[in-house]
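>>> sequence-free structure coming up:
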DNA sequence: GGTATAAGAACGCCCCATAGA
DNA sequence: ATCTATGGGGCGTTCTTATAC
């Protein structure tokens, strides 16, 4: 900027008043302004955002602390964040880590060293229920805008997440609308394990509650079938779910015509097991999943699922960060999933 | 830092000499040093990286310009970059975009406005073969360390990528080692279409060449079977490949015992089509893929494939950026894929 | 003369107090 | 009084030069 001033034979104050978008009480004659702009273009001047932040005590950076477990959602989350942040001259500093709180803590420190104006975090959770709650609380005190996404684990930190209860409810209502009455909820054994701290498997509990409410409202008896828990969710679910298919047909209220599975992996394992037993889907039984992962599978009917608006979560989280930076109050947001109807669910048999 | 100086009753020069890791010709008495450190810890002082960069004319940031088409690899790429960058006090500013050169150009500008010290890019390519080559060349002139990964499209910009030729060769050699002799290469019709600019489908051409070389070296006659091209690669490949299965058994040198498919989608489509025709895999025919996507398929034998060391690409790209920043010379790197042997390939029938 | 400490300039931008026409 | 323009101090580091003992 000083170079431009020298080149154009004016003061740097004039250059600043011309090139900065901010209104200032500095007047610049149209002709001077023109000259400055032409010189700036010739030298193709671009402001240094870091230096700008020096006085404003801002970096125009937002840190993203991302857990591996949310791999499927990470890229869409980033896209959503970007949609909003780039428009406001902010950029995203990405830190990916495994699911350990130590990594998250380290990356949070890196972010703070960068003087980020905000942090978006998928909070990490230790096996023993430990989080980095205090560190985030401290960061927030220091005027770093914090937002947690997906998991709601950090008390006092604004949250954008999924409405898991709605997922269970909408899936059930979809099947009810197709005429199904004997609808089973298929989930893992920890869905309401009171041995564990309440923060664990909250999503499973909520999806189940959504299912249960929809069933009760329809005057029907809820029935839950569980399979063995797996250590780390994901593809492992497929095999475990597959081997638990027979449990659907055991017990008093057997012969379900539809299954609301806890997530897409389970649903996929289920589809697989059903087809292997010669049970037609959706001819004899309908299946729905949750998460909208669109697992690439060959030879299975495409899965009806509830897809999370991940990019929208990102957009909301970004807005929340910006609002906090501007000192506005923010409120937690839960986003409902979108029902994606495919071949795995259909009308009740015989209808 | 000035605050610490005031608090400790010393000059900020002394504080700097104590806290900065650099050696300086400023002497600080042991006792003074101790006091300074204790005060710094009490105020838990952290240096402002942006301010540090002001004098050094560095931002300690590296931009990442990421194409959507490489979705499968993006996260591992980021991890690899991080592995190296974080160790050297650099952070990653992520910009995801669709596959348009305009988006890339815009995000490159954003990066430069941030005064990034380097840029890692998965270069975008227009339908008409256009790239942002000039912009990157200009950036490089301005001492921004540029590295292109995966695609090699920007002349003069250092590159880290996949050794596609090795993929074709290793797959073929794997099958040769199992005793196969009638090995076919299955790819799309554009693999050596000279109508198109040479930058398109370079990977297909190279994989084919690897296959061909391995066959010739073994004294065997190469044979290529193609299927119709698809507009945008990915899952579409599966169906198209599936419907082209019969072509494997047409023509003079028919009855292959093994197929080297261009990529995992094709291989998956192939597996599917073969099984539908009652042809056993790998009993009658072996199939290999390339890319290491580990597609979830049900009822299909798990695919033998050549997995790319994506994270290693990231690590190398990061090192290349750092080397360039330090003024060192860098050389292009091609990384060979790792053979992952699964159930879709086995010994030649009758062996 | 050698050593410990202080002072201050520079980086690039923001913006104010001031001053000339 | 109005319009236009200027120079300088500050942000938080780095690091050189000057000063005190």
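Thanks, I have the structure now. Source: prediction; values computed, not measured. Numbering: from 1, shown residues only, chains lettered A, B, ... in the order given.

>>> now residue A:267, nearest residue through space, not along the chain?
In this structure, residue A:267 finds its nearest non-sequential neighbour in residue A:289, 3.3 Å apart by C-beta to C-beta, 6 or more residues apart in numbering or on different chains. (C-beta placed from N, C-alpha, C; glycine too.)

>>> element containing the one you found?
Using DSSP states H and E, residue A:289 maps to strand A:286-291.

>>> Spit out the contact partners of the closest residue to DNA strand C within the stretch 101-250 of chain A.
Nearest residue of the stretch 101-250 of chain A to DNA strand C: residue A:115, at 13.1 Å (C-beta to the nearest atom of the strand). Neighbour list for residue A:115: A:53, A:57-59, A:61, B:48-50 [criterion: C-beta atoms under 8 Å, 6 or more residues apart in numbering or on different chains].

>>> Please repeat the previous calculation with a cut-off of 7 Å.
A:59, B:48, B:50 (C-beta atoms under 7 Å, 6 or more residues apart in numbering or on different chains).

>>> and if you look at residue A:120?
Contacts of residue A:120 by C-beta under 7 Å, 6+ apart are A:62, A:64, A:81, A:147, A:149, A:317, A:321.

>>> mind giving me the domain ranges of chain A?
A:2-47, A:59-157, A:164-308 (automatic domain parsing).

>>> gap between the last one and the chain center?
Here the centre of mass of C-alpha atoms in domain A:164-308, compared against the chain's by C-alpha atoms, centre = their mean, to the nearest Å, lies 21 Å away.

>>> out of the contacts of residue A:120, which are inside strands?
Using DSSP state E, the members of those that fall in strands are A:62, A:64, A:147, A:149.

>>> Report how many residues lie close to the last one.
Going back to what we said before, that points to residue A:149. Per other C-beta atoms under 10 Å in any protein chain shown, the neighbour tally for residue A:149 reads 29.

>>> Number of residues surrounding the residue nearest to residue A:267?
32.

>>> If it is in a bridge, with which residues?
residue A:305 (DSSP bridges).

>>> What of residue A:96?
residue A:66.

>>> Confirm for me that it is in contact with residue A:66.
Yes: taking contacts as C-beta atoms under 7 Å, residue A:96 lies within contact range of residue A:66: 4.8 Å.

>>> Among those two, which residue is more densely surrounded?
Here residue A:96 and residue A:66 are compared on neighbour count by other C-beta under 10 Å; more neighbours surround residue A:66, at 26 against 21.

>>> how about the residues of the stretch 251-351 of chain A near chain B?
Contacts of the stretch 251-351 of chain A with chain B, taken as C-beta under 7 Å from any C-beta of the partner chain, map to A:268, A:272, A:295-300.

>>> which pair in the residues you listed spans the largest distance?
Taking C-beta to C-beta as the measure, these span a maximum distance of 13.7 Å, between A:272 and A:296.

>>> Between those two, which is the more surrounded one?
More crowded of residue A:272 and residue A:296, by other C-beta under 10 Å: residue A:272, with 22 against 16.

>>> ok, now which ones touch that one?
The contact partners of residue A:272, by C-beta under 7 Å, 6+ apart, come to A:242, A:300, B:298.

>>> host element of residue A:134?
Per DSSP H and E, residue A:134 falls inside helix A:133-141.

>>> helices and strands around that helix, which ones?
Contact here means 3 or more C-beta pairs under 7 Å, 6 or more residues apart in numbering or on different chains; DSSP states H and E; on that basis helix A:133-141 packs against helix A:101-113, strand A:145-149.

>>> List the contacts of it.
A:105, A:108, A:112, A:119, A:146, A:154-157.

>>> Need the max-distance pair from the residues you listed.
A:112 and A:155 (19.8 Å).

>>> Those two: who's more crowded?
residue A:112 (17 against 10).

>>> what about the more buried one, distance to chain B?
Computed as C-beta to the nearest C-beta, to the nearest Å, the residue A:112 to chain B distance reads 7 Å.

>>> cool, and residue A:169?
For residue A:169 relative to chain B (C-beta to the nearest C-beta), the value is 27 Å.

>>> my guess is that residue meets residue A:214, correct?
Yes: contact criterion C-beta under 7 Å: residue A:169 and residue A:214 qualify, at 4.7 Å.

>>> Give me the pLDDT for the residue in chain A that DNA strand D sits nearest to.
With C-beta to the nearest atom of the strand as the measure, residue A:13 is the residue of chain A nearest to DNA strand D, at 2.6 Å. Confidence at residue A:13, expressed as pLDDT, is 85.

>>> quick one: it from DNA strand C, how far?
From residue A:13 across to DNA strand C, the span is 4 Å (C-beta to the nearest atom of the strand, to the nearest Å).

>>> near chain B, anything from the helix or strand that that residue is a member of?
Using DSSP H and E, residue A:13 falls within helix A:12-19. No: using C-beta under 7 Å from any C-beta, helix A:12-19 stays clear of chain B, with a minimum separation of 13.1 Å.

>>> just checking, what packs against that helix?
helix A:2-8, helix A:30-42.

>>> Other residues contacting that helix?
Looking at helix A:12-19 with C-beta under 7 Å, 6+ apart, the contacting residues turn out to be A:1-2, A:4-5, A:24, A:26, A:28, A:32-33, A:36-37, A:40.

>>> list the contacts for residue A:316?
If you count contacts by C-beta under 7 Å, 6+ apart, then residue A:316 has A:160, A:333 around it.

>>> May I have the predicted confidence score for it?
pLDDT, residue A:316: 98.

>>> Kindly reformat the helices and strands packed on helix A:133-141 as a markdown table containing distance to DNA strand C and mean pLDDT.
Converted to a markdown table, the helices and strands packed on helix A:133-141 look like this (distance: least, C-beta to the nearest atom of the strand, whole Å; pLDDT from 0 to 100):
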| stretch | distance to DNA strand C | mean pLDDT |
| --- | --- | --- |
| helix A:101-113 | 18 | 96 |
| strand A:145-149 | 20 | 98 |
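
>>> What parts of chain A come near DNA strand D?
Applying C-beta under 7 Å from any atom of the strand, we find that chain A lies next to DNA strand D at A:9-14, A:16-17, A:25-33, A:51, A:54-55, A:57.

>>> could you redo the last one with a cut-off of 10 Å?
A:1-2, A:5-6, A:8-18, A:24-33, A:35-36, A:50-57, A:113, A:115 (C-beta under 10 Å from any atom of the strand).

>>> Narrow these to those that are buried.
A:1, A:5, A:8, A:10, A:14-18, A:28, A:32-33, A:35-36, A:50, A:52-54, A:113, A:115 (16 or more other C-beta atoms under 10 Å in any protein chain shown).

>>> ok, back up a step: name the nearest of the contacts of residue A:120 relative to chain B.
residue A:64 (7.7 Å; C-beta to the nearest C-beta).

>>> what residues are up against that closest one?
A:78, A:81, A:92-95, A:120.

>>> Strands along chain A, start to end?
A:61-67, A:91-97, A:118-121, A:145-149, A:159-162, A:183-188, A:223-227, A:258-261, A:286-291, A:304-307, A:333-335, A:338-340.

>>> Could you list every helix and strand that the last one packs against?
Just to be clear, that refers to strand A:338-340. For strand A:338-340, the elements it packs on are strand A:304-307, judged by 3+ C-beta pairs under 7 Å, 6+ apart.
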